[in-house]
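>>> Prediction below, plus the sequence it came from.
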Amino acid sequence: MAYTAQYYPGATSVAANRRKHMGHKLEKLREVSDEDLTAILGHRAPGQDYPSTHPPLAEMEEPPCPVREAVAPTPGAKAGDRVRYVQFVDSMYNAPSVPYVRSYYAAINFRGVDPGTLSGRQIVEARERDMEVVAKDQLETEMTDPARSSIRGATVHGHSVRLQEDGVMFDMLDRSRREGDVIIMDKDQVAIPLDRKVNLGKPMSEEELAKRTTIYRVDNVPFRSDAETVEWVQRVYLQRTQYGFRPGVEKTQ
Amino acid sequence: MTCPTESECNCSGAGEINEAIQIEIVPQRILSPETSEKLLGRVYDLDGIIRVMVQGSRLPDVVGYGPGTGQKVNHPLKKTIDVEGQRINMRVSLGRLLVEVCDEETVEELRKICEEIFTFPFEFYQGTFFKKYSTIVDYAKLGPNADERLLGMTDPKGKLDHIVFIEKSKDLKEE
(Lines give C-alpha, C1' and ligand atoms only; values in the text may rest on other atoms or scores of the structure.)
Protein backbone atom coordinates (compact mmCIF):
# COMPACT_ATOMS: atom_id res chain seq x y z
CA MET A 1 0.00 0.00 0.00
CA ALA A 2 1.39 3.38 -0.95
CA TYR A 3 2.13 5.61 2.01
CA THR A 4 0.39 9.01 2.14
CA ALA A 5 2.21 11.61 4.14
CA GLN A 6 0.19 13.08 7.01
CA TYR A 7 1.50 16.54 7.65
CA TYR A 8 -0.62 17.82 10.50
CA PRO A 9 -3.13 16.36 12.98
CA GLY A 10 -6.58 17.75 13.72
CA ALA A 11 -10.16 17.84 12.51
CA THR A 12 -10.77 21.62 12.39
CA SER A 13 -10.68 23.86 9.30
CA VAL A 14 -7.38 25.37 10.52
CA ALA A 15 -5.76 21.92 10.69
CA ALA A 16 -7.14 21.04 7.25
CA ASN A 17 -5.75 24.30 5.81
CA ARG A 18 -2.34 23.59 7.35
CA ARG A 19 -2.34 20.16 5.69
CA LYS A 20 -3.27 21.84 2.38
CA HIS A 21 -0.39 24.30 2.59
CA MET A 22 2.16 21.69 3.65
CA GLY A 23 1.00 19.15 1.09
CA HIS A 24 0.83 21.77 -1.67
CA LYS A 25 -2.84 21.24 -2.50
CA LEU A 26 -3.38 24.94 -3.08
CA GLU A 27 -6.00 26.83 -4.99
CA LYS A 28 -4.67 29.41 -7.43
CA LEU A 29 -6.49 32.69 -6.89
CA ARG A 30 -4.65 35.34 -8.87
CA GLU A 31 -2.05 35.96 -11.56
CA VAL A 32 1.18 37.90 -10.99
CA SER A 33 3.47 38.32 -14.01
CA ASP A 34 7.17 37.46 -13.84
CA GLU A 35 8.09 41.10 -14.49
CA ASP A 36 5.89 42.33 -11.66
CA LEU A 37 7.33 39.73 -9.31
CA THR A 38 10.90 40.70 -10.21
CA ALA A 39 10.04 44.35 -9.64
CA ILE A 40 8.59 43.88 -6.14
CA LEU A 41 11.41 41.56 -5.09
CA GLY A 42 13.87 44.26 -6.10
CA HIS A 43 16.95 42.05 -6.56
CA ARG A 44 17.39 42.84 -10.27
CA ALA A 45 15.69 44.99 -12.91
CA PRO A 46 12.73 43.36 -14.71
CA GLY A 47 13.91 41.71 -17.93
CA GLN A 48 17.56 41.66 -16.83
CA ASP A 49 19.49 38.36 -16.95
CA TYR A 50 20.14 36.57 -13.69
CA PRO A 51 23.53 37.73 -12.40
CA SER A 52 25.68 34.77 -11.43
CA THR A 53 28.06 34.10 -8.62
CA HIS A 54 29.94 31.26 -10.35
CA PRO A 55 30.04 29.74 -13.88
CA PRO A 56 27.35 27.19 -14.80
CA LEU A 57 28.07 23.80 -13.21
CA ALA A 58 28.50 22.21 -16.66
CA GLU A 59 31.48 24.49 -17.31
CA MET A 60 33.07 23.82 -13.95
CA GLU A 61 35.28 20.85 -13.51
CA GLU A 62 33.85 19.42 -10.36
CA PRO A 63 35.72 16.72 -8.47
CA PRO A 64 34.26 13.22 -8.66
CA CYS A 65 31.75 12.85 -5.84
CA PRO A 66 28.97 10.24 -5.41
CA VAL A 67 26.68 12.80 -3.70
CA ARG A 68 27.01 15.29 -6.56
CA GLU A 69 26.20 12.49 -8.97
CA ALA A 70 23.20 11.29 -6.97
CA VAL A 71 21.61 14.73 -6.41
CA ALA A 72 20.54 16.73 -9.45
CA PRO A 73 21.23 20.46 -8.98
CA THR A 74 18.29 22.89 -8.93
CA PRO A 75 17.99 25.18 -12.01
CA GLY A 76 19.42 28.10 -10.04
CA ALA A 77 22.41 26.11 -8.77
CA LYS A 78 23.00 24.69 -12.24
CA ALA A 79 23.19 28.20 -13.72
CA GLY A 80 25.29 29.61 -10.88
CA ASP A 81 22.73 32.16 -9.63
CA ARG A 82 23.25 34.37 -6.61
CA VAL A 83 21.49 33.45 -3.37
CA ARG A 84 18.63 35.89 -2.80
CA TYR A 85 15.69 36.11 -0.40
CA VAL A 86 11.96 36.68 -0.22
CA GLN A 87 10.28 37.51 3.07
CA PHE A 88 6.56 37.26 3.80
CA VAL A 89 4.75 38.96 6.66
CA ASP A 90 1.39 37.66 7.87
CA SER A 91 -1.04 39.62 9.98
CA MET A 92 -2.24 37.92 13.13
CA TYR A 93 -5.78 38.94 12.10
CA ASN A 94 -6.66 35.76 10.20
CA ALA A 95 -3.95 35.90 7.53
CA PRO A 96 -4.18 32.79 5.33
CA SER A 97 -0.74 31.50 6.29
CA VAL A 98 1.64 31.78 9.23
CA PRO A 99 5.45 31.72 9.30
CA TYR A 100 5.72 28.16 10.65
CA VAL A 101 3.42 26.78 7.99
CA ARG A 102 5.22 28.73 5.26
CA SER A 103 8.50 27.18 6.41
CA TYR A 104 7.07 23.65 6.41
CA TYR A 105 5.61 24.38 2.96
CA ALA A 106 8.97 25.54 1.57
CA ALA A 107 11.03 22.76 3.13
CA ILE A 108 8.61 19.98 2.10
CA ASN A 109 7.85 21.10 -1.45
CA PHE A 110 11.04 22.72 -2.79
CA ARG A 111 14.68 21.73 -3.04
CA GLY A 112 17.63 23.99 -2.33
CA VAL A 113 15.70 26.41 -0.10
CA ASP A 114 16.67 27.72 3.31
CA PRO A 115 13.54 28.79 5.19
CA GLY A 116 13.89 30.96 8.28
CA THR A 117 10.99 31.29 10.70
CA LEU A 118 10.36 34.26 12.98
CA SER A 119 7.30 35.28 14.99
CA GLY A 120 5.68 37.47 12.34
CA ARG A 121 7.75 36.97 9.22
CA GLN A 122 9.20 34.13 7.24
CA ILE A 123 12.19 34.31 4.94
CA VAL A 124 13.28 31.90 2.23
CA GLU A 125 16.80 32.07 0.88
CA ALA A 126 17.61 30.20 -2.30
CA ARG A 127 19.27 30.61 -5.68
CA GLU A 128 17.53 33.54 -7.36
CA ARG A 129 15.40 31.70 -9.91
CA ASP A 130 14.51 28.96 -7.41
CA MET A 131 13.49 31.62 -4.90
CA GLU A 132 11.27 33.31 -7.50
CA VAL A 133 9.40 30.05 -8.06
CA VAL A 134 8.69 29.76 -4.31
CA ALA A 135 7.68 33.44 -4.07
CA LYS A 136 5.38 33.33 -7.09
CA ASP A 137 3.71 30.16 -5.92
CA GLN A 138 2.89 31.72 -2.55
CA LEU A 139 1.74 35.03 -4.06
CA GLU A 140 -0.64 33.47 -6.57
CA THR A 141 -2.28 30.87 -4.37
CA GLU A 142 -4.51 30.90 -1.32
CA MET A 143 -1.42 31.12 0.92
CA THR A 144 -1.51 34.88 0.47
CA ASP A 145 -4.18 37.51 0.85
CA PRO A 146 -2.90 40.87 -0.45
CA ALA A 147 -4.50 42.78 2.46
CA ARG A 148 -3.33 40.53 5.32
CA SER A 149 -0.02 39.23 3.93
CA SER A 150 2.76 41.15 2.32
CA ILE A 151 6.26 40.85 0.90
CA ARG A 152 8.47 42.96 3.16
CA GLY A 153 12.25 42.84 3.31
CA ALA A 154 12.62 45.39 6.11
CA THR A 155 10.31 46.97 8.71
CA VAL A 156 7.89 44.10 9.09
CA HIS A 157 6.05 44.99 12.28
CA GLY A 158 2.55 45.11 10.75
CA HIS A 159 2.13 41.46 11.79
CA SER A 160 1.15 42.27 15.36
CA VAL A 161 -0.26 45.75 14.84
CA ARG A 162 -4.00 46.42 14.56
CA LEU A 163 -5.40 46.68 11.04
CA GLN A 164 -6.10 49.99 9.34
CA GLU A 165 -9.70 51.17 9.01
CA ASP A 166 -9.88 49.71 5.49
CA GLY A 167 -8.90 46.24 6.78
CA VAL A 168 -5.37 46.33 5.34
CA MET A 169 -2.36 45.29 7.47
CA PHE A 170 -0.49 48.40 8.65
CA ASP A 171 2.81 49.11 6.89
CA MET A 172 4.97 51.88 8.28
CA LEU A 173 6.72 52.21 4.91
CA ASP A 174 3.51 52.12 2.84
CA ARG A 175 4.59 49.55 0.27
CA SER A 176 1.09 48.36 -0.55
CA ARG A 177 -2.31 49.96 -0.17
CA ARG A 178 -5.93 49.60 -1.20
CA GLU A 179 -6.89 51.42 -4.40
CA GLY A 180 -10.52 50.86 -5.31
CA ASP A 181 -11.28 47.22 -4.66
CA VAL A 182 -7.74 45.92 -5.26
CA ILE A 183 -4.42 46.09 -3.42
CA ILE A 184 -1.54 47.65 -5.30
CA MET A 185 2.17 47.70 -4.51
CA ASP A 186 4.27 50.58 -5.85
CA LYS A 187 7.45 49.98 -3.87
CA ASP A 188 9.72 46.95 -3.75
CA GLN A 189 10.10 44.83 -0.62
CA VAL A 190 12.61 47.24 0.95
CA ALA A 191 10.46 50.32 0.14
CA ILE A 192 12.37 51.64 -2.87
CA PRO A 193 9.75 53.21 -5.22
CA LEU A 194 8.97 51.36 -8.46
CA ASP A 195 8.11 52.83 -11.84
CA ARG A 196 4.93 50.73 -11.96
CA LYS A 197 1.94 49.81 -9.85
CA VAL A 198 1.75 46.07 -9.32
CA ASN A 199 -1.82 44.83 -8.95
CA LEU A 200 -1.88 42.15 -6.24
CA GLY A 201 -5.58 41.46 -6.66
CA LYS A 202 -8.71 41.69 -4.57
CA PRO A 203 -8.50 41.14 -0.82
CA MET A 204 -10.56 38.32 0.65
CA SER A 205 -13.68 39.03 2.70
CA GLU A 206 -13.64 38.49 6.48
CA GLU A 207 -15.68 35.30 6.09
CA GLU A 208 -13.32 33.95 3.44
CA LEU A 209 -10.30 34.73 5.61
CA ALA A 210 -11.85 33.00 8.61
CA LYS A 211 -12.44 29.95 6.41
CA ARG A 212 -8.96 29.88 4.85
CA THR A 213 -6.76 30.90 7.76
CA THR A 214 -4.13 28.65 9.35
CA ILE A 215 -4.14 30.64 12.60
CA TYR A 216 -5.90 29.33 15.68
CA ARG A 217 -7.74 32.24 17.31
CA VAL A 218 -10.25 32.32 20.16
CA ASP A 219 -12.56 34.43 17.99
CA ASN A 220 -12.45 31.96 15.11
CA VAL A 221 -11.23 28.37 15.63
CA PRO A 222 -9.64 28.07 19.09
CA PHE A 223 -6.61 25.81 19.45
CA ARG A 224 -8.22 24.01 22.40
CA SER A 225 -11.20 23.03 20.27
CA ASP A 226 -8.99 20.67 18.27
CA ALA A 227 -8.57 17.68 20.58
CA GLU A 228 -6.32 15.67 18.25
CA THR A 229 -3.92 18.59 17.71
CA VAL A 230 -3.76 19.32 21.43
CA GLU A 231 -3.02 15.66 22.14
CA TRP A 232 -0.17 15.52 19.62
CA VAL A 233 1.34 18.87 20.59
CA GLN A 234 1.30 17.79 24.24
CA ARG A 235 2.86 14.46 23.31
CA VAL A 236 5.69 16.17 21.41
CA TYR A 237 6.36 18.62 24.25
CA LEU A 238 6.21 15.92 26.93
CA GLN A 239 8.58 13.57 25.12
CA ARG A 240 10.97 16.39 24.27
CA THR A 241 11.07 17.45 27.92
CA GLN A 242 11.50 13.91 29.15
CA TYR A 243 14.33 13.28 26.71
CA GLY A 244 15.95 16.46 28.03
CA PHE A 245 16.77 14.40 31.12
CA ARG A 246 18.49 11.85 28.84
CA PRO A 247 16.98 8.75 30.49
CA GLY A 248 19.43 5.88 30.59
CA VAL A 249 22.22 7.76 28.81
CA GLU A 250 24.20 8.56 31.98
CA LYS A 251 24.33 4.90 32.98
CA THR A 252 26.07 3.91 29.77
CA GLN A 253 28.73 6.62 30.05
CA MET B 1 2.21 64.29 47.99
CA THR B 2 5.73 62.90 48.01
CA CYS B 3 7.39 59.99 46.31
CA PRO B 4 6.23 56.65 47.77
CA THR B 5 9.47 54.83 46.99
CA GLU B 6 11.18 55.78 50.29
CA SER B 7 14.23 56.77 48.27
CA GLU B 8 14.08 60.35 49.57
CA CYS B 9 14.44 61.59 46.03
CA ASN B 10 12.31 64.69 46.65
CA CYS B 11 10.17 64.11 43.60
CA SER B 12 6.60 65.17 44.04
CA GLY B 13 3.49 63.57 42.62
CA ALA B 14 0.90 65.28 40.50
CA GLY B 15 -1.22 65.79 43.62
CA GLU B 16 -3.98 68.14 42.66
CA ILE B 17 -4.85 66.38 39.38
CA ASN B 18 -4.92 62.92 40.97
CA GLU B 19 -8.60 63.47 41.75
CA ALA B 20 -9.36 63.65 38.03
CA ILE B 21 -10.59 60.63 36.05
CA GLN B 22 -8.32 59.09 33.46
CA ILE B 23 -9.69 57.27 30.42
CA GLU B 24 -7.98 55.08 27.87
CA ILE B 25 -9.68 54.63 24.49
CA VAL B 26 -8.38 51.83 22.28
CA PRO B 27 -10.13 51.51 18.90
CA GLN B 28 -9.90 48.10 17.26
CA ARG B 29 -8.47 49.67 14.09
CA ILE B 30 -5.71 52.22 13.48
CA LEU B 31 -7.56 55.45 12.74
CA SER B 32 -7.35 57.28 9.44
CA PRO B 33 -6.41 61.00 9.56
CA GLU B 34 -10.03 61.94 8.79
CA THR B 35 -11.42 59.92 11.72
CA SER B 36 -8.60 61.15 13.98
CA GLU B 37 -9.44 64.76 13.14
CA LYS B 38 -13.13 64.16 13.79
CA LEU B 39 -12.47 62.37 17.10
CA LEU B 40 -9.93 64.87 18.44
CA GLY B 41 -12.14 67.78 17.37
CA ARG B 42 -15.14 66.35 19.27
CA VAL B 43 -13.00 65.51 22.33
CA TYR B 44 -11.49 69.00 22.49
CA ASP B 45 -15.00 70.50 22.21
CA LEU B 46 -15.98 68.87 25.51
CA ASP B 47 -15.87 71.06 28.59
CA GLY B 48 -14.35 68.85 31.28
CA ILE B 49 -11.13 67.86 29.47
CA ILE B 50 -7.82 68.38 31.30
CA ARG B 51 -5.24 66.46 29.27
CA VAL B 52 -5.25 64.44 26.04
CA MET B 53 -2.44 62.26 24.74
CA VAL B 54 -2.23 60.40 21.43
CA GLN B 55 -0.22 57.21 21.05
CA GLY B 56 0.24 55.02 17.99
CA SER B 57 2.59 53.55 15.41
CA ARG B 58 5.24 55.91 14.12
CA LEU B 59 4.86 57.34 10.61
CA PRO B 60 8.37 58.22 9.42
CA ASP B 61 9.23 60.73 6.68
CA VAL B 62 11.97 58.54 5.24
CA VAL B 63 12.96 54.87 5.35
CA GLY B 64 15.14 54.38 8.42
CA TYR B 65 17.25 51.35 7.55
CA GLY B 66 17.91 48.66 4.96
CA PRO B 67 18.84 49.15 1.30
CA GLY B 68 16.10 51.77 0.94
CA THR B 69 17.47 54.05 3.67
CA GLY B 70 16.65 57.69 2.98
CA GLN B 71 13.82 57.03 0.49
CA LYS B 72 10.72 59.14 1.05
CA VAL B 73 7.74 57.25 2.47
CA ASN B 74 4.74 59.56 1.79
CA HIS B 75 2.41 57.53 4.01
CA PRO B 76 -1.31 58.11 3.33
CA LEU B 77 -1.99 58.09 7.10
CA LYS B 78 0.53 60.91 7.57
CA LYS B 79 -1.47 64.04 6.89
CA THR B 80 -1.90 67.45 8.41
CA ILE B 81 -5.03 67.60 10.53
CA ASP B 82 -6.83 70.50 12.11
CA VAL B 83 -7.44 70.37 15.87
CA GLU B 84 -8.72 73.40 17.77
CA GLY B 85 -7.67 75.64 14.88
CA GLN B 86 -4.10 74.33 15.04
CA ARG B 87 -2.62 72.55 12.01
CA ILE B 88 -0.80 69.42 13.15
CA ASN B 89 1.42 67.21 11.04
CA MET B 90 0.79 63.65 12.27
CA ARG B 91 3.98 61.89 13.33
CA VAL B 92 2.13 58.90 14.72
CA SER B 93 -1.11 57.25 13.70
CA LEU B 94 -3.90 57.38 16.26
CA GLY B 95 -3.92 53.95 17.91
CA ARG B 96 -4.67 54.87 21.53
CA LEU B 97 -6.09 57.96 23.16
CA LEU B 98 -5.52 58.86 26.81
CA VAL B 99 -7.82 61.50 28.22
CA GLU B 100 -8.00 63.06 31.65
CA VAL B 101 -11.36 64.53 32.55
CA CYS B 102 -12.91 66.36 35.52
CA ASP B 103 -16.08 64.41 36.18
CA GLU B 104 -18.19 61.33 35.43
CA GLU B 105 -20.47 63.34 33.17
CA THR B 106 -17.64 64.01 30.75
CA VAL B 107 -16.72 60.31 30.79
CA GLU B 108 -20.19 59.43 29.55
CA GLU B 109 -20.04 62.14 26.88
CA LEU B 110 -16.67 60.77 25.80
CA ARG B 111 -18.10 57.25 25.53
CA LYS B 112 -20.99 58.59 23.45
CA ILE B 113 -18.58 60.34 21.06
CA CYS B 114 -16.66 57.09 20.55
CA GLU B 115 -19.87 55.15 19.86
CA GLU B 116 -20.89 57.74 17.29
CA ILE B 117 -17.56 58.01 15.48
CA PHE B 118 -16.20 54.44 15.48
CA THR B 119 -17.75 52.04 13.00
CA PHE B 120 -15.84 49.18 14.67
CA PRO B 121 -15.55 47.97 18.28
CA PHE B 122 -13.39 49.86 20.76
CA GLU B 123 -12.17 49.46 24.31
CA PHE B 124 -12.89 52.08 26.92
CA TYR B 125 -11.09 51.83 30.25
CA GLN B 126 -11.02 53.94 33.40
CA GLY B 127 -7.82 53.78 35.45
CA THR B 128 -4.43 55.43 35.93
CA PHE B 129 -2.67 56.02 32.64
CA PHE B 130 -0.68 59.25 33.02
CA LYS B 131 2.53 59.31 35.05
CA LYS B 132 2.28 60.48 38.64
CA TYR B 133 5.97 61.09 39.27
CA SER B 134 8.83 62.57 37.35
CA THR B 135 11.10 59.99 35.72
CA ILE B 136 14.56 60.33 34.17
CA VAL B 137 12.97 60.93 30.76
CA ASP B 138 10.79 63.71 32.16
CA TYR B 139 13.82 65.25 33.85
CA ALA B 140 15.84 65.09 30.63
CA LYS B 141 13.02 66.56 28.54
CA LEU B 142 11.50 69.08 30.91
CA GLY B 143 14.18 69.77 33.52
CA PRO B 144 13.70 70.19 37.28
CA ASN B 145 10.44 71.58 38.67
CA ALA B 146 8.52 70.70 35.51
CA ASP B 147 4.81 71.34 35.25
CA GLU B 148 3.18 68.26 36.79
CA ARG B 149 0.63 68.11 34.01
CA LEU B 150 3.36 67.57 31.44
CA LEU B 151 4.84 64.49 33.16
CA GLY B 152 4.92 61.57 30.76
CA MET B 153 3.46 63.64 27.95
CA THR B 154 6.54 63.50 25.72
CA ASP B 155 7.86 60.70 23.57
CA PRO B 156 11.12 59.42 25.15
CA LYS B 157 12.63 59.02 21.67
CA GLY B 158 11.13 62.25 20.27
CA LYS B 159 13.17 65.33 19.57
CA LEU B 160 12.26 68.53 21.35
CA ASP B 161 11.16 70.33 18.18
CA HIS B 162 8.79 67.44 17.36
CA ILE B 163 6.71 67.88 20.50
CA VAL B 164 3.25 69.22 19.77
CA PHE B 165 1.05 70.64 22.48
CA ILE B 166 -2.50 71.63 21.65
CA GLU B 167 -3.69 74.00 24.30
CA LYS B 168 -7.33 74.55 24.93
CA SER B 169 -7.30 78.26 25.55
CA LYS B 170 -10.21 80.04 27.14
CA ASP B 171 -12.74 78.27 29.39
CA LEU B 172 -10.72 75.74 31.32
CA LYS B 173 -7.84 78.07 32.03
CA GLU B 174 -10.18 80.60 33.62
CA GLU B 175 -11.71 77.91 35.79
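Looks like it came in fine.
>>> gap between residue A:229 and residue A:202?
31 Å (Cβ to Cβ, to the nearest Å). C-beta here means a position set from N, CA and C on the backbone, and glycine is covered the same way.
>>> so where do the helices sit in the stretch 1-150 of chain A?
For the stretch 1-150 of chain A, the helices defined by DSSP state H, counting those that start in this stretch cover A:13-22, A:34-41, A:66-70, A:75-79, A:99-109, A:128-140.
>>> JSON lines for those helices, including mean pLDDT, distance to residue B:88 and mean neighbour count?
Below are the helices of the stretch 1-150 of chain A laid out as JSON lines (pLDDT from 0 to 100; distance: least, Cβ to Cβ, whole Å; neighbours: other Cβ atoms under 10 Å in any protein chain shown):
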{"stretch": "helix A:13-22", "mean pLDDT": "96", "distance to residue B:88": "43", "mean neighbour count": "21"}
{"stretch": "helix A:34-41", "mean pLDDT": "96", "distance to residue B:88": "34", "mean neighbour count": "19"}
{"stretch": "helix A:66-70", "mean pLDDT": "92", "distance to residue B:88": "64", "mean neighbour count": "8"}
{"stretch": "helix A:75-79", "mean pLDDT": "96", "distance to residue B:88": "50", "mean neighbour count": "18"}
{"stretch": "helix A:99-109", "mean pLDDT": "96", "distance to residue B:88": "37", "mean neighbour count": "20"}
{"stretch": "helix A:128-140", "mean pLDDT": "96", "distance to residue B:88": "38", "mean neighbour count": "21"}
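>>> Just put the ones you listed in JSON lines and tack on distance to chain B.
Written out in JSON lines, the entries for the helices of the stretch 1-150 of chain A read as follows (distance: least, Cβ to the nearest Cβ, whole Å):
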{"stretch": "helix A:13-22", "distance to chain B": "22"}
{"stretch": "helix A:34-41", "distance to chain B": "12"}
{"stretch": "helix A:66-70", "distance to chain B": "34"}
{"stretch": "helix A:75-79", "distance to chain B": "21"}
{"stretch": "helix A:99-109", "distance to chain B": "19"}
{"stretch": "helix A:128-140", "distance to chain B": "16"}
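>>> Count the residues that sit near the residue in chain B positioned nearest to chain A.
Using Cβ to the nearest Cβ, the single residue of chain B nearest to chain A is residue B:66, 3.4 Å away. Neighbourhood size, residue B:66 [other Cβ atoms under 10 Å in any protein chain shown]: 16.
>>> got a pLDDT number for residue B:16?
The model reports residue B:16 with a pLDDT of 48.
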